[in-house]
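Asker: got a predicted structure plus its sequence, pasted below:
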Amino acid sequence: MAKNKNLAFIVMAGMLLAAVSALATSHVRIVRLSYESGQVQMDRGPGQGLERAILNSPVVEGARVVTGTDGLAEVEFENNSTVRLGEASEVKFRQLLINDAGDKVNEVELARGTVYFDTRAGKDDIYRVIAAGQTFVLRHNSEMRFIMSGDQVQASVLNGEAQFDNNGQLVRLKKNDTVTMDANSPAGFVVAKGFDKLPLDAWNSERGAYQTAYSYNNNGYGNKAISGFGYSDLAYYGGFATLPGYGLVWQPYGASTWLGWDPYMSGAWAFTPGLGYAWASAYPWGWLPYHYGNWAYQSGIGWFWYPGNSLNGGGVVTNWQGNAPVVNPPAGYKLPTAPPTPANGNRATMLVGTIGRMPAYLPGGPVPPDFRSVIIDHSGIKGMTAPGGGGSTSAGAGGARVANSRSMRSANTGGTFASPQARGLASAAAHNNNSGGHVFVTPQSAAPAMSPGWGSQGFGAAPGSGFGRGTGMASGSGTGHAGGNAAGHGGSSPAPK
């Protein structure tokens, strides 16, 4: 009997150790496609194949992102670190895991093209880049540019430090160092001081400046619990407030004045291995509000998002959900429902509304900045000297389209949430006067992002103070991305490849 008890104890101990070992390294990490312009495709996982990439799609271990000759893309990690792809480029996310020490491990393989790695906070996180058979390790708060053509790669340290292991020889790279190597001759490499400027560098810098202005240097929006990926977009495209019964809430600018809008009008259901179908919003701000917390509706205010406790106890890493539930919807509202997952065969992305090649925006809200407009040369040169060209596909104000402007009706002239101009921001169309030389409107450091209390006129009440009104709204052709109304959740169709 005692032997049986001992045997049972040993078996239980072994099972416990196995469970602890399984939990020590977790591959359940989800990052997002935070920017896409032009032709961008994604392979979401083994067996999926390349299909059109949708903004705010989840990116998991094993996924690939591929840009065409006019494509630009950005993938954002939980702490705002990014991988930015120039034209005619391809990367694979070989590892996205959390090791037994709790550090996030990001390993990305560069197949071709021009790619920037911008590592932000998280000094214990690990960033590895595989290029030309070499493994580069980036330190936190560092930035590198890789240009790969055939078997040859040129890696430049734009900021910070990095290192790589060359046949047992640890080579350290400092700011302004450039190393050139060939996969066919791994023992030979050349390190030089300085690097050539590329037209694409301006786009990379502009995206970084946007994140810095609206995330790292901007503590007035919301609170510190709402940080990490997607936060800068919340700060740019909407306002926070405190609402009785909900606590801290957020609403996109323009939502309170458009009675026909609902948060699930424009986007797609994208299948991701291990997750099933998850919502990918067509709006630039559409990450945090759709994967944490809930959406709610209140008469006189409209739709708003409230995170509740979803960002506590593990935060953005462990509390992710495929789509944010809707509570207290208006009468007759059809709740968003993910399509069933086929047992086998192609699991196509299902579009909701009409998704163009540029991000959607709300009437009265900010027009998405035309980040690619800072690239002054699209000569089509590829490889070691410049990214692939192809003319810019942007048009008008950043090429963005107003979402379903024909259904827009004015209401609640006093906005419930702090308007952009109440925060000290000008119209998106006037960025030359209030942008510090950027294509996005820069915040004023002293401007409050959240009103201190609830008043009879709501937060930031100012008739006609909508961000981007007038010039921000498309005229004539503003059919938008969200073709339909709140009842259109079921009208989904396969996304074109």
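Answerer: Good, I have the coordinates.
Asker: residue 184 - how many residues pack around it?
Answerer: By other Cβ atoms under 10 Å, 11 other residues sit near residue 184. All C-beta atoms are positioned from the backbone trio N, CA, C, and that covers glycine.
Asker: contacting residues for it?
Answerer: residue 151 (Cβ atoms under 8 Å, 6 or more residues apart in numbering).
Asker: how about a cut-off of 10 Å?
Answerer: 132-133, 150-152 (Cβ atoms under 10 Å, 6 or more residues apart in numbering).
Asker: which of these has the largest number of neighbours?
Answerer: residue 132 (22 neighbours).
Asker: my read: it touches residue 154, true?
Answerer: Yes. If you go by Cβ atoms under 10 Å, residue 132 and residue 154 touch, sitting 9.5 Å apart.
Asker: common neighbours of those two, please.
Answerer: In contact with both residue 132 and residue 154: 146, 148, 180-181, using Cβ under 10 Å, 6+ apart.
Asker: show me those residues that map onto strands.
Answerer: Using DSSP state E, the subset of the shared contacts of residue 132 and residue 154 located in strands is 146, 148, 180-181.
Asker: and of the residues you listed, the nearest to residue 108?
Answerer: residue 146 (9.7 Å; Cβ to Cβ).
Asker: wait, that closest one sits on residue 114?
Answerer: Yes. With contacts counted by Cβ under 10 Å, residue 146 reaches residue 114, the gap being 7.2 Å.
Asker: who's more crowded, the two?
Answerer: A count of neighbours by other Cβ under 10 Å puts residue 114 above the other of residue 146 and residue 114, at 29 against 21.
Asker: pLDDT below threshold where in the stretch 101-250 of the chain?
Answerer: Within the stretch 101-250 of the chain, the stretches with pLDDT under 70 are 121-122, 186-187, 216-228.
Asker: hey, where'd the helices end up in it?
Answerer: 199-211, 231-237 (DSSP state H, counting those that start in this stretch).
Asker: if you compare those, which one is most tucked away?
Answerer: Across the helices of the stretch 101-250 of the chain, averaging neighbours per residue (mean count of other Cβ atoms under 10 Å) puts helix 231-237 on top, at a mean of 25.
Asker: so which other helices or strands are in contact with it?
Answerer: Judged by 3 or more Cβ pairs under 10 Å, 6 or more residues apart in numbering; DSSP states H and E, helix 231-237 is in contact with strand 31-37, helix 199-211, strand 247-252, helix 288-291.
Asker: can you list the ones you listed in a markdown table and add distance to residue 353?
Answerer: Formatted as a markdown table, the helices and strands packed on helix 231-237 follow (distance: least, Cβ to Cβ, whole Å):
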| stretch | distance to residue 353 |
| --- | --- |
| strand 31-37 | 17 |
| helix 199-211 | 26 |
| strand 247-252 | 16 |
| helix 288-291 | 14 |
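Asker: for residue 441, find the nearest of these.
Answerer: helix 199-211 (10.1 Å).
Asker: what is in contact with residue 146 and residue 114 at once?
Answerer: With Cβ under 10 Å, 6+ apart as the test, residue 146 and residue 114 both reach 89, 154.
Asker: longest strand anywhere in this structure?
Answerer: The chain, longest strand under DSSP E: strand 104-119.
Asker: what residues of that strand count as buried?
Answerer: By 16 or more other Cβ atoms under 10 Å, the buried positions in strand 104-119 come out as 104-110, 112-119.
Asker: for the residues you listed, work out which two are farthest apart.
Answerer: 104 and 112 (25.9 Å).
Asker: dihedrals phi and psi, residue 442?
Answerer: phi -90, psi 140 (degrees, to the nearest 10).
Asker: would you mind measuring from it to residue 212?
Answerer: Note on residue 442: its distance to residue 212, by Cβ to Cβ, to the nearest Å, is 10 Å.
Asker: kindly report the same for residue 302.
Answerer: Distance from residue 302 to residue 212, by Cβ to Cβ: 31 Å.
Asker: the two - which one has more neighbours?
Answerer: Neighbours were counted for residue 302 and for residue 212 using other Cβ under 10 Å; residue 302 has more, 23 against 14.
Asker: report the beta-bridge partner residues of that one.
Answerer: Per DSSP bridges, the residues bridged to residue 302 are residue 298.
Asker: so it sits against residue 251, correct?
Answerer: Yes. Residue 302 is in contact with residue 251 according to Cβ under 10 Å; the separation is 7.0 Å.
Asker: where does pLDDT dip in the stretch 351-497 of the chain?
Answerer: Ranges of the stretch 351-497 of the chain meeting pLDDT under 70: 355-358, 378-436, 444-497.
Asker: can you do 50?
Answerer: Applying pLDDT under 50 to the stretch 351-497 of the chain flags residues 380-433, 445-497.
Asker: need the per-residue pLDDT for residue 261.
Answerer: For residue 261, the pLDDT comes out at 92.
Asker: for it, grab phi and psi.
Answerer: According to degrees, to the nearest 10, residue 261 has phi -90, psi 150.
Asker: can you check the one 3 residues further on too?
Answerer: The main-chain torsion angles of residue 264 are listed as degrees, to the nearest 10 and equal phi -110, psi 30.
Asker: that one touches residue 353, doesn't it?
Answerer: Yes. Using Cβ under 10 Å, residue 264 is in contact with residue 353, at 9.0 Å.
Asker: spatially nearest residue to residue 39 (excluding sequence neighbours)?
Answerer: residue 68 (3.1 Å; Cβ to Cβ, 6 or more residues apart in numbering).
Asker: and that neighbour, how many residues sit next to it?
Answerer: So residue 68, with other Cβ under 10 Å, has 15 neighbours.
Asker: distance of it relative to residue 56?
Answerer: 20 Å.
Asker: with residue 252 instead?
Answerer: 14 Å.
Asker: overlap of the contact sets of the two?
Answerer: Between them, residue 252 and residue 56 share the contacting residues 233, 283-286, judged by Cβ under 10 Å, 6+ apart.
Asker: give me the subset of those residues lying in strands.
Answerer: Among these, no member falls in strands (DSSP E).
Asker: out of those residues, who's nearest residue 247?
Answerer: residue 285 (19.6 Å).
Asker: is it true that the closest one touches residue 366?
Answerer: Yes. Using Cβ under 10 Å, residue 285 is in contact with residue 366, at 9.4 Å.
Asker: tell me, what's touching these two both at once?
Answerer: In contact with both residue 285 and residue 366: 236-238, 252-253, using Cβ under 10 Å, 6+ apart.
Asker: so how many other residues sit close to residue 309?
Answerer: The number of residues packed near residue 309 is 11, by other Cβ under 10 Å.
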